[in-house]
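Participant: Here's my sequence, what's the structure:
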Amino acid sequence: MRASQDGAMDQCGKEGAVFVAHRYCVLGDRFAPPHFAGDHRDRRRVVCGAARLGILNEEDLKRVNYLPVFFTAAAVSMGIVLTETKALQAMTSVMFAWMRPLITNMVSVAVVPYWTAFVYHIFLASELSMLATSIPPLMNFAKSSGLPIFAIGLVWAFAAGGKIFVYQSGVMVAGYSFGYFDARDLFRVGLCLTIVESLVLLVLVPFYWPLIGIR
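Facilitator: Modelled structure (predicted):
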């Protein structure tokens, strides 16, 4: 019994080591300076060093679940492709043009930006990339249209929490890859929580936020 528990813990530790190493490899290219982005040598040394120290061997690598690596790489690539092809710029232009005539009062501030951001989030990898690419043009749009900048920015940020697909969060990628839930569960629960959050904002934004100076 004790031996089996130790073996299970050892396997979990090895899977965690490979996962961390591969996350480092994937995210290293995403956030490294341009002149280092193509250099994989230091990231390969992480895996090779783990093998030399006896932490990993060929059989361990065969047993590791690589789905978190593939999901993360695909999600990161999605945001890069949309940015490099200028599709993101075209999408934000259409999105803000659609929003402008619909935002007329604080009730519409609670509804329109929230669900627009929710749909926008589907096309991007995570809430970080979603907010990083959309907040600056959103603030410019609100300022030029004479809309409440602070309120719209807060509603937009809250909308980043609504998720119905696995690739929208690195945490959900890890949970899904190890079988803690399936895509149908995530869709049902995520959609329910998104609707609940929208209803809460529908009460807070027009009635409570003006009382504390957010208008």
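Participant: can you list the domain ranges for the protein.
Facilitator: The record assigns the chain these domain ranges, following automatic domain parsing: 2-64, 82-212.
Participant: Mean pLDDT lowest where, among these?
Facilitator: Looking at those, the lowest mean pLDDT belongs to domain 2-64 (a mean of 54).
Participant: Excluding chain neighbours, what is closest to Asn105?
Facilitator: Of all residues beyond its chain neighbours, the one nearest Asn105 is Pro206 (7.4 Å), with distances taken as CB to CB, 6 or more residues apart in numbering. For the C-beta atoms, the positions are set from N, CA and C on the backbone; glycine is no exception.
Participant: For the one you found, give its distance to Phe96.
Facilitator: Pro206 sits 22 Å away from Phe96, going by CB to CB, to the nearest Å.
Participant: now swap in Asp185 and tell me
Facilitator: Taking CB to CB as the measure, Asp185 and Phe96 are separated by 34 Å.
Participant: Return the set of buried residues in stretch 108-120.
Facilitator: For stretch 108-120, the buried set under the neighbour-count rule, 16 or more other CB atoms under 10 Å, comprises 109-114, 116-118, 120.
Participant: if I pick Pro113, what's in contact with it?
Facilitator: By CB atoms under 8 Å, 6 or more residues apart in numbering, the contact list for Pro113 reads 99, 103, 138, 152, 155-156, 159.
Participant: if you set the cut-off to 10 Å instead, what comes out?
Facilitator: By CB atoms under 10 Å, 6 or more residues apart in numbering, the residues touching Pro113 are 95, 99, 102-103, 120, 138, 141-142, 147, 151-159, 201, 205.
Participant: again, but for Pro148
Facilitator: Counting by CB under 10 Å, 6+ apart, Pro148 has contacts 103, 106, 109, 142, 154-155, 205, 209-210, 214-215.
Participant: Can you tell me the SS state at Leu124?
Facilitator: Judged by DSSP: H, G, I helix; E, B strand; the rest coil, the three-state class of Leu124 is coil.
Participant: That one against Ser169, yeah?
Facilitator: No. Between Leu124 and Ser169 there is no contact under CB atoms under 10 Å: 11.4 Å.
Participant: Of these two, give the one with the bigger neighbour count.
Facilitator: Taking other CB atoms under 10 Å, Leu124 and Ser169 do not tie; Leu124 has more neighbours (24 against 21).
Participant: Which residue of Asp185 and Phe96 possesses the greater neighbour count?
Facilitator: Set side by side, Asp185 and Phe96 show more neighbours around Phe96, with 18 against 11, by other CB under 10 Å.
Participant: Tell me how far that one lies from Leu147.
Facilitator: When distance is defined by CB to CB, Phe96 is 11 Å away from Leu147.
Participant: again, but for Pro206
Facilitator: Taking CB to CB as the measure, Pro206 and Leu147 are separated by 14 Å.
Participant: And for Ser198?
Facilitator: Taken as CB to CB, the span from Ser198 to Leu147 is 19 Å.
Participant: again, but for Val119
Facilitator: According to CB to CB, Val119 stands 19 Å off from Leu147.
Participant: Repeat that for Met139.
Facilitator: Noted for Met139: a distance of 10 Å to Leu147, by CB to CB.
Participant: So those two - more neighbours on which side?
Facilitator: More neighbours surround Leu147 than the other of Met139 and Leu147, with 18 against 15 (other CB under 10 Å).
Participant: How about that one, nearest residue that isn't a chain neighbour?
Facilitator: Leu147 sits nearest to Ile103 (CB to CB, 6+ apart), 5.8 Å away.
Participant: Brilliant, that's me finished.
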